[in-house]
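Peer 1: coordinates for the following, if possible.
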Amino acid sequence: MRANKLLAVALTLGLTVLAMSKLLAAPHGHNSGAQVIAIPEDNPALEFVGQFINTGTSSHQFGYIARIDGLDQVFNNATTRNETTAMFTFFTDRDGKFQLAALAEMSAPKISAMENEPRNLTIATLIRVAHALGSKVEIKLVKKGKAKRGRRHHAQRAA
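Peer 2: Predicted coordinates:
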């Protein structure tokens, strides 16, 4: 789950920097008003405020960029500096059940039922879900240990 959070942060920041570079990299010969910002290596040049809520297969992320070195204005209002006046915001709302349901060609409620009350599942259903997850189903038959059966049998006889 922590890896998902780090990946989400990295992707959000990467996309933001990419979008910013495209916006700011307009040709200088034109009177476009574009400004190129030089960012020294190993220098934190971007600050964002956000929240990541990942529960089970759900992922909800939201926030805004609070500082970009070289840009004086990242808010629409000089006195109110929060998510309502931020010029660069992000938001994601993802429920993995819908993605898994689509991949397994099943309904999302069926995936939820499997997750919350895993009973009466067919092997075919398990295989569909496993394939959708890029996995396979293995079923093993394992002999019961004699020691366990003996102790239980012994306890029943003593009672």
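Peer 1: wait, a helix at Gly70?
Peer 2: No - using DSSP: H, G, I helix; E, B strand; the rest coil, the assignment for Gly70 is coil, not a helix.
Peer 1: phi first, then psi, for it.
Peer 2: The phi/psi pair for Gly70 (degrees, to the nearest 10) reads phi 100, psi -10.
Peer 1: in this structure it contacts Asn43, no?
Peer 2: No - applying Cβ atoms under 8 Å as the test, Gly70 and Asn43 come out as separate, 10.9 Å apart. The way it works is simple: take the backbone N, C-alpha and C, and place the C-beta from them, glycine included.
Peer 1: more neighbours: which of the two?
Peer 2: Per other Cβ atoms under 10 Å, whichever of Gly70 and Asn43 has more neighbours is Gly70, with 12 against 8.
Peer 1: what residues are up against the more buried one?
Peer 2: 35, 37-39, 45 (Cβ atoms under 8 Å, 6 or more residues apart in numbering).
Peer 1: from Arg81, how far out is it?
Peer 2: 18 Å (Cβ to Cβ, to the nearest Å).
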